[in-house]
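Asker: The following comprises the amino acid sequence and a computationally predicted model.
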Amino acid sequence: MSYDYRSGDVLMLECPFTETTVTEVSRYYVSVRWPWLEVDPQATNIRWNGQRALPTPEAHEWEIFRTEPAEAALKPGDTCLVGVPPTVVHVQAVYHFDPPQVTGMLPRPASYLDLLRQGDTYDPELEDQTYALDPVGGEPIRIELLFRPYAFLEPGDEVADRNGRAWRFDAAWDWYPLDGEQPGTPVWPLALFSRNGEPTLEEAAAVAGATAVGSHAEELERWSGLTLARPVTHQQ
């Protein structure tokens, strides 16, 4: 079952290193036989050759999969290992596809996580800054949720803060003031008054309990300490 990831999630990725064979080597890429995915026989317009190109350091390109020995030490015909070392990332965006996308490979992805590596703040002017990952794809990647900012809220929730100001929670760093005044962030504790209508007593109590101590600033500090990045909001 697919986990319901969302923007702002901080994840730890890891994939066991698996033996494979090097097929091609260039200055910028090393191609290996991909040990996990299968060719999609129904993909008439896309024929995958069963290989995947991984960047060398000279490509200056981010890739979560790495080889052992390192890419720069390999030559065609070599046996190597390919996998994902423990890697901290954070989710920039989540995309869903219905029907699943045709990529030439099986399984066909029904969703992608757009990931940023630790230390990277999202810049819409940069191309190829994010990495697209199928969270339930054929590679045996273990995904651990390290931290979800505002995990006690759901997108669309409406809350009142300590000062009585009403807000709508759109995402971890996106707060819409319902009074139409200047944007900002709510002052804890928070009182949930709408979640797809009137919240249950349990839902309201969970939000009140989670925000009885702490603050927006502390939530942001914990997130930034893990991602080594700055959040980007739609208000910016």
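Answerer: Thanks, I have it. Residues are numbered from 1 along each chain as shown.
Asker: Output the contacting helices and strands for the lengthiest helix in the chain.
Answerer: As assigned by DSSP state H, the longest helix anywhere in the chain is helix 216-227. Packing contacts for helix 216-227, counted by 3 or more Cβ pairs under 8 Å, 6 or more residues apart in numbering; DSSP states H and E, involve strand 10-25, strand 79-96, strand 142-147. Heads up, the C-betas are built off the backbone N, CA and C, glycines and all.
Asker: swap the cut-off to 7 Å and go again
Answerer: Where contact means 3 or more Cβ pairs under 7 Å, 6 or more residues apart in numbering; DSSP states H and E, helix 216-227 is packed against strand 10-25, strand 142-147.
Asker: Check whether E14 really touches E139, as I assumed.
Answerer: No: E14 lies out of contact with E139 (Cβ atoms under 7 Å); the separation is 11.0 Å.
Asker: that older thread, quick one, which of the helices and strands packed on helix 216-227 is packed in tightest?
Answerer: Among the helices and strands packed on helix 216-227, ranked by average contacts under mean count of other Cβ atoms under 10 Å, first place goes to strand 10-25 (a mean of 17).
Asker: That strand pairs with which strands, and in what direction?
Answerer: If you go by DSSP bridges, strand 10-25 pairs up with strand 29-33 (antiparallel), strand 79-96 (antiparallel), strand 142-147 (antiparallel).
Asker: Throw these into TSV and include mean pLDDT, thanks.
Answerer: Below are the strands paired with strand 10-25 laid out as TSV (pLDDT from 0 to 100):
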stretch	mean pLDDT
strand 29-33	98
strand 79-96	97
strand 142-147	97
